[in-house]
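**Q** Predicted model follows, preceded by the sequence.
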Amino acid sequence: MNKRTVYRYLILISLITGQQALLAQKQVKPVPPLYSEKGKLIYTPDQLGNRIPDFSYCGYKASEQPIPNIDVKVVVPVKAGDATLRIQSALDYVGSLPADANGFRGAVLLQKGIYEVLGQLRITASGVVLRGSGVHATTIVGAGTGRLALIKIVGKNTIEKQLSGLKITDAYVPVNAMSFHVDQSINIKDHSDKIIIRRPSTANWINLLGADHFGGGITALGWKPGERDLFFDRTISKIEGNTVYIDAPITTALDTTYGGASIYFYNNDGRINNCGVENIKLISSFNKANPKDEDHRWNAINIENAEDCWARQITFQHFAGSAVSVLETSKRITVEDCISLAPVSEIGGQRRYAFLTTGQQTLFQRCYAENGYHDFAVGFCAAGPNAFVQCESILPFSFSGAIDSWASGVLFDVVNVDGNALRFGNRGQDANGAGWSVANSVFWNCSAARIDCYKPPTAQNWAFGSWSQFAGDGYWNESNNTITPRSLYYAQLRERINKNVDAQAQIMDVPTEASSSPSVDVAQALTKEASKPKQQLKDFIAQASARSKISIAYNNVKSIDEIGIPQKIKPTLAPALQIKNGVLVRGDELVTGKRSGVQWWSGGLQSKDIQQAKWHITRFVPGRSGKGLTDNLDEVVTEMKATNHVAIEHNYGLWYDRRRDDHQRVRRMDGEVWPPFYELPFARSGKETAWDGLSKYDLTKYNLFYWTRLKQFADLADQNGLVLVHQNYFQHNIIEAGAHYADFPWRTANNINNTGFNEPVNYAGDKRIFYAEQFYDLSNPVRKELHKKYIRQCLANFKDNNGVIQLIGEEYTGPLHFVKFWLDVIREWEKETGKHPLIALSVTKDVQDAILALPAYAAVIDIIDIRYWHYQADGTAYAPKGGENLAPRQHARLLKPKKTNFEQVYRAVKEYRTKYPTKAVMYSGDNYPEFGVAVLMAGGSMPVLPETIDGAILKAALGMKPVTSTNANEYVLSDGKSSIIYNSETRKFERR
């Protein structure tokens, strides 16, 4: 053996020996981020100072005080019939009483029995509690077919963001911090102690998360800067110079690398507090013939613009949406000892979210749900902390966890999901581009079919003591093991307030004998124990009244019947909308003003979507009302009157589900639909599966929400002198892009009525749709009867209204024969009912002229609407023909129309006004509403006029007709005695 070989052997022996020595050394385990030692929680921050948050600041009074029993101040006895007014009167009465030193006014007590509520109960003053006489004793049944939340605890959002916010100067404020520095000293006497900490969502942070796009090379759903800002709502506890101390920790780090943060002060005098609902059963009635019925109550309790409130000891049954939904304007809410059973709805998005929060410092504890969807859920950018403690979901259709973008500081503590998942992760495009759904959140002693715990960039998620199938690169510790303390939340609370919290915690005892080699005595004892039924959390929750008794005693308290119930004020009506002297009037006033259309598709729930939203009548967002959501129709009417709008032109949605905004034609793999929902006229059948993943439509039955909302607006229009322009059909679904037809209720695959259209769909070039001719073809007896029934529904829904104008359909360029059919059905309905709705002819010029040339059909027409044609500025007509299977914009691409002008608008209106003097003429064509004065001077109806116009001119114009002027720049209205003259050069009116 030569020296080189010996040398190699020596090196090899040395290496082996060294490796063995290293292996023999005991490796040092990293210190866990959280562990318990001698009954005390020990936290290990990371190198930046971030640590697992203290979640114990959640709930009523930050869990520092138990929920109190408030004295009864009024009793509502059980009576047959609708109890809405009687219970609401009691709530309002207590709300008018003075608050005591603790901020409470009193409780309304419902006695033993069943209360039927057709409306909505609203707690709108601080210190008011609605109490039943026991979960098994008092029941409120949300009756009727409305989708209103049954009960709302709701204040007003009066927060005004001050422009002079202060910048946080720390380079990095870690997770769980409760203090920071600002760029100038603060005298708290000069401000409220309430602040908002705004943590911006910057482009570099979004890019680091990979949330700028989610695949496919398409960025439409990617996050945009400013769209995922976090807003921590906090109270200043102390100020020392430039150092601000707050009352609850932040749950996402404030990092100058990603924009840092700022604070601004606010006063929210509209937010209410010290309110509760308790000791009661809440049930939604529903159509028992349809197991997926949705024309009933969606949410049982909504909590909005409220803090330090609660819902406790309540059983919920049959609600379509949430048992309790806490909105983002609420904080420090406790929901405890609640059971959600037998929800009734489609299986899909925005349904069966039993216990949902988008607020802050919400505590759900000892809550149980069956057959839900996202039973325990945290929503969009919920700034946290939020906690679910000792909760159970049985056989849900989807996971619990964070369901939208970047909720932070979420605790799932002793939570079991039987048959589905708990998830912290990246949802990508799901939920309209939710992306990373959660940060700096903890699973503690949880079990589920699967637990996902993924680590987002710039943050962390942790899982301790998980029993499940596992997925994710977050922090895992003691998987498939039960750890102590049993509840992290209550261990944190006990240490924070330094007192025993067992009475609040009420942790269900679970024996933990885990020996694999028990003694004979232990084995005998365990064998005996195994023969007994195991205690279930549902049963433990049901026993809450014994552990935490809610008093139903009352002495010397009057009933609401003794106190008195205000009578409903019957609304007054404006003069009826009618045609007088060939123009639309209410009373002796011309109807003038702008008209607003509605969105057909698109939109979302973020602030930018809300700001851009139009008014809408049949848009629906479960549990949420206001602009861009489920519009408050009273507010819409108020705003219309303030902005010179006289009408809304309404047509049904292009599609129900925002997923279809991608213009794909594919069948969806599930019903995870995205709001806002543009509701369609037809009811779902509860049977089979349509292309959007929900049940198929039944075209012989009608969506009660859709038609009720339209009727509500029509009633308000009659009271306020406004107009509903009702488009019966919407042609966009059957022509142009194929996606327009994919989810269309009339499509054979989407209904149970055998409409007979081709399946699979014969898309032109596998992209476009040309089904207009088939849709308007009346030779199919099934489709003909469905059309007839639907047109009659359009009429019957408004049979008692006068302020509705019926048009055949938005974008209608269809054939003459279908217009005749539409008018035949109307004429038949009028003969049967004796009613005479206002019918407008809004079609292409050739079809318009053909109908008006036939006396039998012309007699049905009240209004001629110039919409799909116009005279161009050179005097020639842009007049595409009807029935050529082209949409308006397809005609425009071929014929390339030129703009109109004042003179030609005047000409078009005057021609029809003169030829058909008993019919009103509206102009809705090119450059509407610019030429409203031209419409007025031509004798037309519903012109958009300058708000500065003299009212006396409008009153005088009522009895006048257009006459020819010798001056080319003058346009004249006259009744033979006096005249109104408008000069198009000076733009001034003159009366002679």
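**A** Perfect, I can see it now. Residues are numbered from 1 along each chain as shown.
**Q** From what I see, Ala383 and Leu254 are in contact.
**A** No. Contact between Ala383 and Leu254 fails when scored by C-beta atoms under 8 Å: they sit 11.8 Å apart. Heads up, the C-betas are built off the backbone N, CA and C, glycines and all.
**Q** where does the stretch 51-200 of the chain have low pLDDT?
**A** The model of the stretch 51-200 of the chain has pLDDT under 70 over residues 161-164.
**Q** residue contacts, Ile186?
**A** Residues near Ile186 by C-beta atoms under 8 Å, 6 or more residues apart in numbering: 166, 239, 242, 244.
**Q** Which residues are in contact with the first one?
**A** It refers to Leu166. 182-184, 186, 262-264.
**Q** Closest one of those to Gln492?
**A** The nearest member of the contacts of Leu166 to Gln492, counting by C-beta to C-beta, is Ile263 at 25.5 Å.
**Q** What is the neighbour count of Tyr60?
**A** Other residues near Tyr60 come to 25 when the count uses other C-beta atoms under 10 Å.
**Q** Please list all residues in contact with the residue nearest the centre of the chain.
**A** Central residue of the chain (C-alpha atoms, centre = their mean): Val621, 2.8 Å from the mean position. By C-beta under 8 Å, 6+ apart, the contact list for Val621 reads 350, 605, 629-630, 675-677.
**Q** and Tyr812, what pLDDT?
**A** pLDDT, Tyr812: 98.
**Q** pretty sure it belongs to a strand, no?
**A** No. Per DSSP: H, G, I helix; E, B strand; the rest coil, Tyr812 lies outside any strand segment and is coil.
**Q** The nearest residue to Ser126 once chain neighbours are set aside pairs with what?
**A** The shortest distance from Ser126 to any non-neighbouring residue, by C-beta to C-beta, 6 or more residues apart in numbering, is to Ile272 (4.4 Å). For Ile272, the beta-bridge partners are Ala306 (DSSP bridges).
**Q** what does Gly401 give?
**A** The partner residues for Gly401, given DSSP bridges, come to Ala377, Arg423.
**Q** which residues sit in contact with Gly756?
**A** Contacts of Gly756 by C-beta under 8 Å, 6+ apart are 748, 780, 782-783.
**Q** Quick check on it: phi, psi?
**A** The phi/psi pair for Gly756 (degrees, to the nearest 10) reads phi 80, psi 10.
**Q** ditto for the one 10 residues further on
**A** Note on Asp766: its backbone torsions stand at phi 60, psi 30 [degrees, to the nearest 10].
**Q** And for it, the neighbour number?
**A** Neighbours around Asp766, by other C-beta under 10 Å: 9.
**Q** in the protein, what secondary structure element scores lowest on mean pLDDT?
**A** helix 3-24 (a mean of 45; mean pLDDT, DSSP states H and E).
**Q** Flag every buried residue along the helix or strand following it.
**A** Moving toward the C-terminus from helix 3-24, the next helix or strand (DSSP states H and E) is strand 34-37. Judged by neighbour count (16 or more other C-beta atoms under 10 Å), strand 34-37 contains these buried residues: 34-35.
**Q** State the distance spanning the first to the last residue of stretch 46-59.
**A** 28 Å (C-alpha to C-alpha, to the nearest Å).
**Q** Then stretch 597-604?
**A** Using C-alpha to C-alpha, the two ends of stretch 597-604 sit 18 Å apart.
**Q** What's the mean pLDDT across it?
**A** pLDDT averaged over stretch 597-604 gives 93.
**Q** quick one: buried residues of it?
**A** Going by 16+ other C-beta under 10 Å, stretch 597-604 has these buried residues: 597-601, 603-604.
**Q** Redo the residues you listed as JSON lines? Include distance to Lys831.
**A** Below are the buried residues of stretch 597-604 laid out as JSON lines (distance: C-beta to C-beta, whole Å):
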{"residue": "Gly597", "distance to Lys831": "33"}
{"residue": "Val598", "distance to Lys831": "32"}
{"residue": "Gln599", "distance to Lys831": "37"}
{"residue": "Trp600", "distance to Lys831": "34"}
{"residue": "Trp601", "distance to Lys831": "38"}
{"residue": "Gly603", "distance to Lys831": "41"}
{"residue": "Gly604", "distance to Lys831": "46"}
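**Q** Report the two of those residues separated the most.
**A** The widest separation within the buried residues of stretch 597-604 (C-beta to C-beta) is 18.9 Å, between Gly597 and Gly604.
**Q** Helices of the stretch 851-992 of the chain, residue ranges please.
**A** 855-858, 888-895, 902-915, 932-937, 951-957 (DSSP state H, counting those that start in this stretch).
**Q** cool, and the stretch 601-750 of the chain?
**A** According to DSSP H, counting those that start in this stretch, the helices that the stretch 601-750 of the chain contains are 607-612, 633-642, 704-720, 739-742.
**Q** Which one, of those helices, ends up nearest to Val72?
**A** That would be helix 633-642 among the helices of the stretch 601-750 of the chain, by C-beta to C-beta, at 32.6 Å.
**Q** Just the mean pLDDT for that closest one, thanks.
**A** Rounded mean pLDDT across helix 633-642 is 97.
**Q** With only the CA atoms kept, save it in PDB.
**A** Taking Å, rounded to 0.1, in the frame of the first residue of the first chain, the C-alpha atoms of helix 633-642 are listed here in PDB:
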ATOM      1  CA  LEU A 633     -84.300  52.000  -1.300                       C
ATOM      2  CA  ASP A 634     -85.300  54.800   1.000                       C
ATOM      3  CA  GLU A 635     -81.800  56.200   0.700                       C
ATOM      4  CA  VAL A 636     -81.800  55.700  -3.000                       C
ATOM      5  CA  VAL A 637     -85.000  57.700  -3.400                       C
ATOM      6  CA  THR A 638     -83.600  60.500  -1.100                       C
ATOM      7  CA  GLU A 639     -80.500  60.700  -3.200                       C
ATOM      8  CA  MET A 640     -82.400  60.600  -6.500                       C
ATOM      9  CA  LYS A 641     -84.500  63.600  -5.500                       C
ATOM     10  CA  ALA A 642     -81.400  65.500  -4.300                       C
END
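**Q** residues of it that come out buried?
**A** Buried-residue list, helix 633-642, by 16+ other C-beta under 10 Å: 633, 636-637, 640.
**Q** Quick one: list the elements packing against it.
**A** Helix 633-642 sits against strand 645-650, helix 704-720, with contacts defined as 3 or more C-beta pairs under 8 Å, 6 or more residues apart in numbering; DSSP states H and E.
**Q** Minimum distance to Glu947: which of those has it?
**A** strand 645-650 (11.5 Å).
**Q** Partner strands of that closest one and their direction?
**A** Using DSSP bridges, the strands paired with strand 645-650 are strand 594-596 (parallel), strand 723-730 (parallel).
**Q** Please work out which of the ones you listed is packed deepest.
**A** A comparison of these by mean neighbour count, using mean count of other C-beta atoms under 10 Å, puts strand 723-730 on top with a mean of 24.
**Q** any idea how far that strand is from the chain center?
**A** Relative to its parent chain, strand 723-730 has a centroid offset of 24 Å by C-alpha atoms, centre = their mean, to the nearest Å.
**Q** Then stretch 78-86?
**A** Worked out by C-alpha atoms, centre = their mean, stretch 78-86 lies 29 Å from the chain centre.
**Q** Ok, stretch 280-299 next?
**A** Per C-alpha atoms, centre = their mean, the centroid offset for stretch 280-299 relative to its chain is 19 Å.
**Q** Can I get that stretch as CSV, trimmed to CA atoms?
**A** Provided in CSV are the C-alpha atoms of stretch 280-299 (Å, rounded to 0.1, in the frame of the first residue of the first chain):
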residue,chain,number,x,y,z
ILE,A,280,-84.3,32.7,23.0
LYS,A,281,-84.8,30.5,19.9
LEU,A,282,-84.8,32.2,16.4
ILE,A,283,-86.3,30.4,13.5
SER,A,284,-86.8,31.3,9.8
SER,A,285,-89.8,30.0,8.1
PHE,A,286,-89.2,28.7,4.6
ASN,A,287,-90.9,26.9,1.7
LYS,A,288,-90.8,23.3,2.8
ALA,A,289,-91.4,22.1,-0.8
ASN,A,290,-88.0,23.4,-1.7
PRO,A,291,-85.1,22.2,0.5
LYS,A,292,-82.9,25.0,-1.0
ASP,A,293,-85.4,27.8,-0.7
GLU,A,294,-83.8,31.2,-0.4
ASP,A,295,-86.8,33.5,-0.2
HIS,A,296,-86.7,33.6,3.5
ARG,A,297,-84.5,35.1,6.2
TRP,A,298,-80.8,35.0,5.5
ASN,A,299,-79.3,36.2,8.7
